[in-house]
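>>> I'd like to go over a predicted model; first the sequence, then the structure.
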Amino acid sequence: MVRVLGIDPGSRITGYGLVEWSAGRTHYLASGCIRVTGESLAEKLQCIYRSIVQIVSMYQPTDSAIEQVFMARNPDSALKLGQARGAAILALAEQSLDVAEYSAKKVKQSVVGKGNASKWQVQHMVQSILLLSDKPQSDAADALAIALCHLHTKQSLLRMPRQLRTNRV
């Protein structure tokens, strides 16, 4: 059994999604959004950190994955995103989880089949893959897509001959 926590970091909303691979199938466990609260930057980062620690404690994932920082048009936005991402990574590392990182393009390619997919396409495919009755909220769908990307990557690596896996690193 592999249980993956995917994180879509954000300074105002951080999405999370949990999926599990067992009995040869992918199963949806949970997803949602951390609505970041606090007046100061320190309080906002603490909110992200504490929320992720609580999610890890509740669901006990075996793996975690997070979206890599992309270069935004606005340097201030990129800096805030990087800080939110840092708080999330620290929370995961403090819970003894390795953190895999994937670019947005890689995540979209893995889930939708093309790296320039729209948010709507990601939501639709996540709903379809996980057999959800409704489309998840955008940030939660992105986090689930990150978790699915990690599962796909891990499954691909496990199917590789052992010699190729060890030479890859």
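Thanks, I have it. Numbering: from 1, shown residues only.
>>> Residue 8: neighbour count?
27 (other CB atoms under 10 Å). (Glycine included, C-beta is placed from N, CA and C.)
>>> isn't it right up against residue 32?
No: applying CB atoms under 8 Å, one finds residue 8 not in contact with residue 32, separated by 11.1 Å.
>>> Need the residues touching each of those two.
15-16, 140 (CB atoms under 8 Å, 6 or more residues apart in numbering).
>>> Which ones among those residues map onto helices?
When these are checked against helices (DSSP state H), the matches are residue 140.
>>> Return the member of the shared contacts of residue 8 and residue 32 nearest to residue 81.
residue 15 (12.8 Å; CB to CB).
>>> Please verify my assumption that that closest one contacts residue 140.
Yes: using CB under 8 Å, residue 15 makes contact with residue 140 at a distance of 4.7 Å.
>>> Helix or strand: which one has residue 21?
If you go by DSSP states H and E, residue 21 is part of strand 13-22.
>>> hmm, back to that, may I ask which of the shared contacts of residue 8 and residue 32 has the most neighbours?
Top of these by neighbour count (other CB under 10 Å): residue 16, with 28 neighbours.
>>> so which helix or strand takes in residue 5?
Going by DSSP H and E, residue 5 is in strand 2-8.
>>> what's the angle from that strand to strand 13-22?
160 degrees (axes from the mean of the first three to the mean of the last three CA atoms, to 10 degrees).
>>> quick one: contacts of strand 2-8?
So strand 2-8 is in contact with 14-22, 29, 52, 55-56, 59-67, 88, 92, 97, 139-140, 142-151, 154, going by CB under 8 Å, 6+ apart.
>>> Show me the residue sitting in the middle of this protein in space.
residue 6 (2.4 Å; CA atoms, centre = their mean).
>>> quick one: that one and residue 15, what's the gap?
8 Å (CB to CB, to the nearest Å).
>>> shared neighbours, these two?
residue 143.
>>> Show me how to select, in ChimeraX, the buried members of the contacts of strand 2-8.
A single ChimeraX command selects the buried members of these (16 or more other CB atoms under 10 Å):
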select :14,15,16,17,18,19,20,21,29,52,55,56,61,63,64,65,66,67,88,92,97,139,140,142,143,144,145,146,147,148,149,150,151,154
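>>> Which of the contacts of strand 2-8 fall within strands?
Secondary structure from DSSP state E places 14-22, 29, 63-67 of the contacts of strand 2-8 in strands.
>>> any idea how far residue 131 is from residue 7?
22 Å.
>>> Over to residue 153?
16 Å.
>>> out of these two, which sits in the more crowded spot?
Neighbours per residue (other CB under 10 Å) separate residue 153 from residue 7, with residue 7 holding more: 29 against 15.
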